[in-house]
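Visitor: How does the following fold in three dimensions:
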Amino acid sequence: MAVFAEEVNLAGYTTLRLGGPARRFVEATTEAELVAAVRRADDAGEPVLVLGGGSNLVVADAGFPGTVIRVATRGTERLSGEHGPGTVRVRVQAGEDWDPFVARCVEEGLAGVECLSGIPGRVGATPIQNVGAYGQDVSETIVEVRAYDRRERRCVTLDHAACRFTYRHSVFKGSDRYVVLDVTYTLRETEESQPIAYAELARRLGVEPGARVPLKEAREAVLELRRGKGMVVDPADPDTRSAGSFFTNPILDADQVADLARRVAERLGPDAAFPRYPELGGRTKTSAAWLIDKAGFTKGHALGPARISTKHTLALTNPDGGGTEDLLALAREVRDGVRAAFGVELVNEPVLVGVRL
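Guide: Here you go, the predicted model:
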């Protein structure tokens with residue numbers, strides 16, 4: 001049965017430990033409860049915030065003046081039928097915790113999400129921002145997403161193409177039309193990982209990029225790297241009181257790349273180089289972490305009670321119990337400093353609720 005409450009402080013439901021009270025709070029443990037809660041709020045004309053693990057949210061100090069619906073549905077099933085040689089399809093309810101699901105896949109010899117180990121949050125969030133890390137994106141394995149369409153007031157199924165996946169984006173992000181109900185993934189039956197695409201991970205594993213390694217080795221290496229950057233939630237580590245990477249890696253066109261190269265040479269010297277990774281359409285992805293560091297915002301840089309992680313420049317943390325406005329002041333300082341130094345506009349990765357950057 002769904003749990004109802006009023007004036008629930010949202011700080012306890014986010015990894016940043018930030019956010020004021022929700023006027024109304026509902027925890028839905030079944031799909032029927034979830035859909036009913038959304039319909040009820042829509043019928044009443046109330047704002048709705050769908051909450052999973054709270055690992056990608058920055059919530060206003062004032063809280064949320066509507067209904068917060070926490071997705072706590074559970075269930076994982078292998079689908080019958082032929083889906084291609086050596087593959088398995090797995091349907092997972094949106095409220096399942098992501099990393100335990102990844103751990104089960106690795107244990108059962110199912111490859112395709114092993115490099116996404118250690119990411120906090122729940123399954124329903126993974127298609128929304130096309131979660132990715134260490135050379136893997138969930139869009140590589142997602143077959144379809146079932147969702148409740150608030151506009152048409154019915155449950156719908158979106159295939160891979162309809163999800164419109166791009167870098168850290170999808171049809172679900174930036175819109176409140178869809179509420180994710182479950183996600184279906186296609187995984188490979190094998191004890192070996194997908195080809196290791198990320199250079200840092202390949203170095204940690206002692207292999208060349210493109211090699212395959214045992215699934216368990218890939219998972220453990222990813223977890224080690226993430227822990228070293230404060231990216232595995234640990235109550236004992238204040239650096240993990242964050243929303244993970246606060247800014248996405250910029251993707252630049254040719255003119256922007258040329259301008260960045262000029263600015264880097266002026267600031268760091270004619271032989272200085274910045275990270276470049278080719279993207280579709282002749283564009284280039286660069287490193288937000290590199291830009292932040294070279295703009296003068298090093299690990300541990302603080303502004304009031306908020307600070308950059310002591311382990312990774314992409315994570316903005318709340319180690320001393322500050323407020324959301326404290327964190328945003330730091331985020332603005334970093335964003336504006338990178339723009340002034342390099343002419344690149346950093347974009348926040350977490351969803352901002354009731355606030356603007």
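Visitor: how does the chain divide into domains?
Guide: For the chain, whose domains are defined here by automatic domain parsing, the residue ranges read 3-71, 76-228, 238-353.
Visitor: Same list (those) but as JSON lines, adding mean pLDDT.
Guide: Compiled in JSON lines, the domains of the chain are given as follows (pLDDT from 0 to 100):
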{"stretch": "domain 3-71", "mean pLDDT": "95"}
{"stretch": "domain 76-228", "mean pLDDT": "96"}
{"stretch": "domain 238-353", "mean pLDDT": "96"}
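Visitor: Tell me where the stretch 251-357 of the chain has strands.
Guide: Listed in chain order, the strands of the stretch 251-357 of the chain (DSSP state E, counting those that start in this stretch) span residues 251-252, 277-278, 284-285, 302-303, 306-308, 315-317, 351-353.
Visitor: Not counting the fifth one itself, show me its contacts.
Guide: Surrounding strand 306-308, the residues in contact under the criterion CB atoms under 8 Å, 6 or more residues apart in numbering are 292, 297-302, 315-319, 322, 326-327, 329-330, 334. Using the backbone N, CA and C atoms, a C-beta is placed for each residue, glycine as well.
Visitor: So which of the strands of the stretch 251-357 of the chain is the most surrounded?
Guide: Most buried of the strands of the stretch 251-357 of the chain, by mean neighbour count (mean count of other CB atoms under 10 Å): strand 315-317, with a mean of 27.
Visitor: How far away from the center of its chain is it?
Guide: Here strand 315-317 shows a centroid-to-chain-centroid distance of 14 Å under the convention CA atoms, centre = their mean, to the nearest Å.
Visitor: That strand packs against which elements?
Guide: Where contact means 3 or more CB pairs under 8 Å, 6 or more residues apart in numbering; DSSP states H and E, strand 315-317 is packed against strand 242-245, strand 306-308, helix 324-342.
Visitor: To Gly54, which of the ones you listed lies closest?
Guide: Of all those, it is strand 242-245 that lies closest to Gly54, at 8.8 Å by CB to CB.
Visitor: So what's the gap between the closest one and the chain middle?
Guide: Computed by CA atoms, centre = their mean, the chain-centroid distance of strand 242-245 equals 8 Å.
Visitor: on that earlier part again, export the strands of the stretch 251-357 of the chain to JSON lines and append columns for distance to Pro235.
Guide: Formatted as JSON lines, these follow (distance: least, CB to CB, whole Å):
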{"stretch": "strand 251-252", "distance to Pro235": "35"}
{"stretch": "strand 277-278", "distance to Pro235": "34"}
{"stretch": "strand 284-285", "distance to Pro235": "33"}
{"stretch": "strand 302-303", "distance to Pro235": "21"}
{"stretch": "strand 306-308", "distance to Pro235": "18"}
{"stretch": "strand 315-317", "distance to Pro235": "13"}
{"stretch": "strand 351-353", "distance to Pro235": "23"}
